[in-house]
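Need a 3D model of the sequence below.
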Amino acid sequence: MPTYYEILDIEESATTEKIKENFRLLSHIYHPDKIQSDDPRIKQKGKEKFQEIYEAYKVLSDTEKRRQYDEQLMELRDKQTTVSTGYSSVSGRGVPKLEISKTSFNFSNIRAGASASDSFTVSNVGGGTLSGTITTNKKWLKVSQSSIDTVRHKQDVSFYIDTSGLPFGLKDTAAIEIQSNGGVERIPVNLSVEAPEADLDRFRSGLTIGSLILGGLFGFLIFKLSFLQGMNANVAGIAGIAALIGSVIVSGKLAAKESVGFIFGFGCGTLIIGFIILAILEKYFPHALSTVAWSLVYGSLANISSASIRNAFWRGNKAVPISIGTGVNAH
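The predicted structure follows:
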């Protein structure tokens, strides 16, 4: 008795699109309305053939029904198995044949310390029972199972990559190796870890925004305390401006030391923009001088020191650049 795959004239690994394509083609040939004959026997055979085609299509076009059918098909083939020893298996329907759904994977610019995952399908498109091992050749690549499930005719195998401990900018290739009694397959997995500049930019943005908020809260608190104690509340704002000027001086020294003109430019720009904002807001919001000044102090200092803070966090990993801001790598 032909299988549903044979009825639709497709491989057992056929995609849903291929199933639909063949169904439309065969329906055009065997649909009762398409049979140009007055012979009732020919019409009856055409009707029966179309019913077979439609039944096969209903099962194989439904993911869950197809999975159940594949399992039943595998059990039927297993009953026909006559000899099975080690990695050799001979059956009345032939030997097992390994087939995989994907031939390679690419993971680009993965965050350092992060993980990513994907999966592929292992199928037995032959007879008998497919058995074997699934291994990897790199520590950062791990699979969800170390062997093929002999009970299932088709199975999804998950894997994941872990970049913990890997250096910034790494480009590497590993492989998932499948050795079975139905053949051997090797799936390359290409990995590239993000450059240190990308990690630093993300960290700098988050640190600066958080520091701006924290500085604003600190300035507002100083203003309130000064006001409650009967002091001139502008003292808090003046102190904030003095601290802001000090942060520009510090950034200038860092710029001279590290030859990074951007740092000094950022500090001066912050000071100028800060004065403009304060002049506008102070007229309507008495606490603006203190709040905005201290917010800018915190934000500017966080921005210019973000590289040092980030490097200190990663210092435990010898492969991670220690001086990202200056382009000097420590190994």
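
Okay, domains of the chain per the record?
The record's domain parsing of the chain by automatic domain parsing lists 4-61, 98-193, 196-326.

hey, least reliable of these by pLDDT?
Mean pLDDT per stretch puts domain 196-326 lowest among the domains of the chain, at a mean of 63.

Okay, helices next: where are they in this structure?
4-7, 16-30, 40-60, 63-79, 196-228, 234-258, 261-281, 288-314 (DSSP state H).

Can you name every helix or strand that the first one contacts?
Contacts defined by 3 or more C-beta pairs under 8 Å, 6 or more residues apart in numbering; DSSP states H and E place helix 4-7 against helix 40-60. For every residue, glycine as well, the C-beta is placed using N, CA and C.

and the angle for the helix it packs on with helix 16-30?
Using axes from the mean of the first three to the mean of the last three C-alpha atoms, to 10 degrees, the direction of helix 40-60 lies 170 degrees away from that of helix 16-30.

List the buried residues in helix 40-60.
Using 16 or more other C-beta atoms under 10 Å as the burial criterion, the residues of helix 40-60 that qualify are G46, K49, F50, E52, I53, Y54, A56, Y57, V59, L60.

List the residues that contact T208.
When contacts are counted by C-beta atoms under 8 Å, 6 or more residues apart in numbering, T208 touches G299, A302, N303, S306.

Could you check how far the third one is from R202?
Computed with C-beta to C-beta, to the nearest Å, the distance linking N303 and R202 is 13 Å.

for N22, same thing?
N22 sits 49 Å away from R202, going by C-beta to C-beta.

Same check on E17?
Counting by C-beta to C-beta, the separation of E17 from R202 is 39 Å.

So for the two, which sits in the more crowded spot?
Taking neighbours as other C-beta atoms under 10 Å, E17 and R202 compare with R202 leading, 13 against 8.

Spit out the contact partners of the more buried one.
Taking C-beta under 8 Å, 6+ apart, one finds nothing in contact with R202.

And it, how close does it get to S306?
Separation of R202 from S306 (C-beta to C-beta) stands at 10 Å.

L98 too?
Counting by C-beta to C-beta, the gap from L98 to S306 is 51 Å.

Over to L207?
L207 sits 5 Å away from S306 when distances are taken as C-beta to C-beta.

ok, those two, which is more surrounded?
Per other C-beta under 10 Å, whichever of L207 and S306 has more neighbours is S306, with 21 against 18.

Verify the stated contact: the more buried one with D199.
No. Using C-beta atoms under 8 Å, S306 is not in contact with D199; the gap is 10.8 Å.

circling back to that earlier point, report the buried members of the contacts of T208.
G299, A302, N303, S306.

closest to K154 among these?
K154 has its nearest neighbour among these in S306, at 49.9 Å by C-beta to C-beta.

burial of the residue nearest to that closest one when sequence neighbours are not counted, as a residue count?
Among residues not flanking S306 along the chain, R204 sits closest, at 4.0 Å (C-beta to C-beta, 6 or more residues apart in numbering). Using other C-beta under 10 Å, the number of residues around R204 comes to 19.

R204 reaches N303, doesn't it?
Yes. Using C-beta under 8 Å, R204 is in contact with N303, at 6.2 Å.

Enumerate every residue touching the closest residue to G210 other than its chain neighbours.
Distances taken as C-beta to C-beta, 6+ apart put A302 closest to G210, at 7.5 Å, once the chain neighbours are dropped. The neighbourhood of A302, defined by C-beta under 8 Å, 6+ apart, consists of L207, T208, G210, S211, L212.

Now for the last one, how many residues are close by?
Applying other C-beta under 10 Å, we find 20 residues neighbouring L212.

The third one too?
By the measure other C-beta under 10 Å, the count of residues near G210 is 13.

quick one: it from N303, how far?
According to C-beta to C-beta, G210 stands 11 Å off from N303.

and if you look at R41?
Distance from R41 to N303, by C-beta to C-beta: 86 Å.

now the residue nearest to S144 when sequence neighbours are not counted, which residues is it bridged with?
Nearest non-adjacent residue to S144, counting by C-beta to C-beta, 6+ apart: S158, 4.1 Å away. Beta-bridge pairing of S158 under DSSP bridges involves S119.

check contacts around S158.
Per C-beta under 8 Å, 6+ apart, neighbours of S158: S117, D118, S119, V143, S144.
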